[in-house]
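predicted model follows, preceded by the sequence.
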Amino acid sequence: MFQVFSKKRIALQLLTLALTGTATAAAPLEPKTENLQCADSRVELHADCFLYAGHMLACTRQSLRFASADGKTLGTRVFKPQPIEEGDDYPVIEEKVGSMSCVETKDKQKLVVASMFNGGNCAQCEWTDVYTTDGKQVGSTRERKDRSAALTAAMEAVKDKQVNRVLNQKQLRAFYQVPAGK
(Lines give C-alpha, C1' and ligand atoms only; values in the text may rest on other atoms or scores of the structure.)
Protein backbone atom coordinates (compact mmCIF):
# COMPACT_ATOMS: atom_id res chain seq x y z
CA MET A 1 0.00 0.00 0.00
CA PHE A 2 2.90 2.34 0.76
CA GLN A 3 4.29 1.80 -2.76
CA VAL A 4 0.93 2.59 -4.40
CA PHE A 5 0.65 5.81 -2.41
CA SER A 6 4.19 6.77 -3.38
CA LYS A 7 3.56 6.09 -7.08
CA LYS A 8 0.38 8.17 -7.00
CA ARG A 9 2.14 10.94 -5.12
CA ILE A 10 5.08 10.91 -7.54
CA ALA A 11 2.72 10.96 -10.53
CA LEU A 12 0.81 13.90 -9.01
CA GLN A 13 4.06 15.79 -8.32
CA LEU A 14 5.28 15.17 -11.88
CA LEU A 15 1.96 16.39 -13.26
CA THR A 16 2.13 19.48 -11.07
CA LEU A 17 5.69 20.19 -12.20
CA ALA A 18 4.72 19.75 -15.85
CA LEU A 19 1.74 22.08 -15.52
CA THR A 20 3.65 24.63 -13.47
CA GLY A 21 6.56 24.62 -15.90
CA THR A 22 4.22 25.35 -18.81
CA ALA A 23 2.29 28.01 -16.89
CA THR A 24 5.42 29.87 -15.81
CA ALA A 25 7.22 29.89 -19.17
CA ALA A 26 8.68 33.30 -19.96
CA ALA A 27 6.49 35.60 -22.00
CA PRO A 28 7.63 35.63 -25.65
CA LEU A 29 9.61 38.68 -26.74
CA GLU A 30 8.24 40.72 -29.62
CA PRO A 31 10.78 42.74 -31.62
CA LYS A 32 9.51 46.24 -32.39
CA THR A 33 10.98 48.91 -34.68
CA GLU A 34 10.04 52.44 -35.71
CA ASN A 35 12.00 54.97 -37.80
CA LEU A 36 12.24 58.74 -38.16
CA GLN A 37 14.05 60.55 -40.96
CA CYS A 38 15.84 63.73 -39.83
CA ALA A 39 17.86 65.60 -42.44
CA ASP A 40 20.43 63.11 -43.76
CA SER A 41 20.09 60.86 -40.72
CA ARG A 42 17.70 58.13 -39.79
CA VAL A 43 16.72 57.47 -36.17
CA GLU A 44 15.65 53.90 -35.44
CA LEU A 45 13.87 52.86 -32.27
CA HIS A 46 14.50 49.15 -31.62
CA ALA A 47 12.97 47.22 -28.73
CA ASP A 48 12.25 43.70 -27.53
CA CYS A 49 8.96 43.86 -25.65
CA PHE A 50 6.64 41.43 -23.91
CA LEU A 51 3.12 41.36 -22.56
CA TYR A 52 3.25 42.75 -19.03
CA ALA A 53 0.45 42.63 -16.46
CA GLY A 54 -1.85 41.23 -19.15
CA HIS A 55 -2.64 44.50 -20.92
CA MET A 56 0.45 46.43 -22.04
CA LEU A 57 3.89 45.89 -23.51
CA ALA A 58 7.01 46.42 -21.45
CA CYS A 59 10.45 46.26 -22.98
CA THR A 60 13.53 44.47 -21.74
CA ARG A 61 15.81 45.86 -24.48
CA GLN A 62 15.44 49.25 -26.15
CA SER A 63 17.73 51.56 -28.09
CA LEU A 64 17.82 54.54 -30.42
CA ARG A 65 20.22 54.12 -33.34
CA PHE A 66 21.26 57.14 -35.37
CA ALA A 67 22.41 56.20 -38.89
CA SER A 68 23.73 58.05 -41.92
CA ALA A 69 22.06 57.93 -45.33
CA ASP A 70 24.27 54.95 -46.26
CA GLY A 71 23.25 53.04 -43.10
CA LYS A 72 26.45 53.60 -41.09
CA THR A 73 25.82 53.87 -37.35
CA LEU A 74 26.61 57.39 -36.13
CA GLY A 75 25.55 56.95 -32.52
CA THR A 76 23.43 54.77 -30.26
CA ARG A 77 21.47 55.39 -27.07
CA VAL A 78 20.91 52.13 -25.15
CA PHE A 79 18.31 52.27 -22.40
CA LYS A 80 19.25 50.37 -19.23
CA PRO A 81 16.66 48.08 -17.61
CA GLN A 82 15.75 48.25 -13.93
CA PRO A 83 16.84 45.30 -11.79
CA ILE A 84 14.57 42.32 -12.35
CA GLU A 85 11.69 42.06 -9.88
CA GLU A 86 10.80 38.76 -8.26
CA GLY A 87 8.23 36.96 -10.39
CA ASP A 88 9.03 38.90 -13.58
CA ASP A 89 10.32 37.11 -16.68
CA TYR A 90 12.66 39.94 -17.68
CA PRO A 91 14.10 43.18 -16.34
CA VAL A 92 11.98 46.15 -17.50
CA ILE A 93 13.09 49.44 -19.04
CA GLU A 94 11.42 52.40 -17.37
CA GLU A 95 11.66 54.84 -20.28
CA LYS A 96 9.21 54.82 -23.16
CA VAL A 97 9.41 57.04 -26.25
CA GLY A 98 6.09 58.84 -26.73
CA SER A 99 7.15 60.63 -29.90
CA MET A 100 10.23 61.50 -31.93
CA SER A 101 10.49 64.78 -33.79
CA CYS A 102 13.00 66.25 -36.18
CA VAL A 103 13.13 70.00 -35.54
CA GLU A 104 15.03 72.93 -36.94
CA THR A 105 16.10 75.62 -34.49
CA LYS A 106 16.11 79.34 -35.27
CA ASP A 107 19.80 79.06 -36.19
CA LYS A 108 18.99 76.21 -38.66
CA GLN A 109 20.42 73.39 -36.51
CA LYS A 110 18.57 70.11 -36.95
CA LEU A 111 17.90 68.16 -33.73
CA VAL A 112 15.98 65.05 -32.72
CA VAL A 113 13.51 65.56 -29.88
CA ALA A 114 12.30 62.46 -28.03
CA SER A 115 9.27 62.99 -25.79
CA MET A 116 9.69 60.41 -23.04
CA PHE A 117 7.40 58.97 -20.37
CA ASN A 118 7.48 56.20 -17.81
CA GLY A 119 3.77 55.42 -17.50
CA GLY A 120 3.28 57.25 -14.21
CA ASN A 121 1.14 60.27 -13.44
CA CYS A 122 3.56 62.81 -11.96
CA ALA A 123 5.65 65.85 -12.83
CA GLN A 124 8.75 63.66 -13.22
CA CYS A 125 6.95 61.04 -15.33
CA GLU A 126 7.27 62.92 -18.62
CA TRP A 127 10.37 64.62 -19.98
CA THR A 128 12.17 65.45 -23.22
CA ASP A 129 15.56 64.21 -24.43
CA VAL A 130 17.28 66.07 -27.26
CA TYR A 131 19.94 64.62 -29.60
CA THR A 132 22.00 65.82 -32.53
CA THR A 133 21.30 63.96 -35.77
CA ASP A 134 24.42 61.87 -35.15
CA GLY A 135 23.16 60.68 -31.76
CA LYS A 136 24.92 62.90 -29.23
CA GLN A 137 22.56 63.78 -26.38
CA VAL A 138 22.55 67.56 -25.94
CA GLY A 139 20.26 67.62 -22.93
CA SER A 140 17.19 66.42 -21.12
CA THR A 141 14.41 68.20 -19.28
CA ARG A 142 14.51 65.31 -16.80
CA GLU A 143 17.49 67.07 -15.28
CA ARG A 144 15.63 70.14 -14.11
CA LYS A 145 18.78 72.27 -13.84
CA ASP A 146 21.67 73.23 -16.11
CA ARG A 147 19.80 73.16 -19.42
CA SER A 148 22.01 73.57 -22.46
CA ALA A 149 21.40 76.19 -25.15
CA ALA A 150 20.70 73.41 -27.68
CA LEU A 151 18.05 71.88 -25.40
CA THR A 152 16.36 75.27 -24.96
CA ALA A 153 16.46 75.92 -28.74
CA ALA A 154 14.96 72.51 -29.50
CA MET A 155 12.16 73.03 -26.97
CA GLU A 156 11.40 76.44 -28.51
CA ALA A 157 11.29 74.86 -32.00
CA VAL A 158 8.78 72.24 -30.85
CA LYS A 159 6.53 74.80 -29.13
CA ASP A 160 6.75 77.66 -31.66
CA LYS A 161 3.27 77.79 -33.24
CA GLN A 162 4.05 80.83 -35.42
CA VAL A 163 6.70 79.07 -37.49
CA ASN A 164 6.45 75.34 -38.13
CA ARG A 165 9.93 74.07 -37.35
CA VAL A 166 8.94 70.45 -36.81
CA LEU A 167 10.24 68.84 -40.00
CA ASN A 168 9.12 65.28 -39.28
CA GLN A 169 7.38 63.56 -36.39
CA LYS A 170 6.35 60.06 -35.26
CA GLN A 171 3.81 59.47 -32.51
CA LEU A 172 4.84 56.30 -30.66
CA ARG A 173 2.50 55.74 -27.72
CA ALA A 174 0.89 52.88 -29.69
CA PHE A 175 4.36 51.30 -29.97
CA TYR A 176 3.88 50.02 -26.38
CA GLN A 177 0.31 48.82 -26.78
CA VAL A 178 -0.74 45.22 -27.29
CA PRO A 179 -1.41 44.61 -31.00
CA ALA A 180 -5.05 43.99 -31.89
CA GLY A 181 -6.02 40.33 -31.80
CA LYS A 182 -3.56 39.31 -29.10
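That came through fine.

residues in contact with the residue nearest the centre of the chain?
The centroid of the chain falls nearest to Lys96 when counting by CA atoms, centre = their mean (4.0 Å). Lys96 makes contacts with 59, 116-119, 172-173, 175-176, as judged by CB atoms under 8 Å, 6 or more residues apart in numbering. Where C-beta positions appear, they are placed from N, C-alpha and C, glycine not excepted.

quick check, pLDDT for it.
We have a pLDDT of 94 for Lys96.

rewinding a little: ok, of the contacts of Lys96, which one's closest to Val158?
Nearest to Val158 out of the contacts of Lys96 is Met116 (CB to CB; 13.3 Å).

return the members of the contacts of Lys96 classed as buried.
Among these, those classed as buried by 16 or more other CB atoms under 10 Å are 59, 116-117, 172, 175-176.

break down the chain into its strands, ranges please.
Secondary structure of the chain, counting by DSSP state E: strands at 30-38, 41-52, 56-67, 73-78, 96-104, 110-117, 126-132, 137-140, 166-171.

which one, of the ones you listed, ends up nearest to Asp89?
Closest approach to Asp89 among those (CB to CB): strand 41-52, 6.6 Å.

identify the residues contacting the nearest residue to Cys125 once chain neighbours are set aside.
Among residues not flanking Cys125 along the chain, Asn118 sits closest, at 5.2 Å (CB to CB, 6 or more residues apart in numbering). Asn118 makes contacts with 94-96, 125-126, as judged by CB under 8 Å, 6+ apart.
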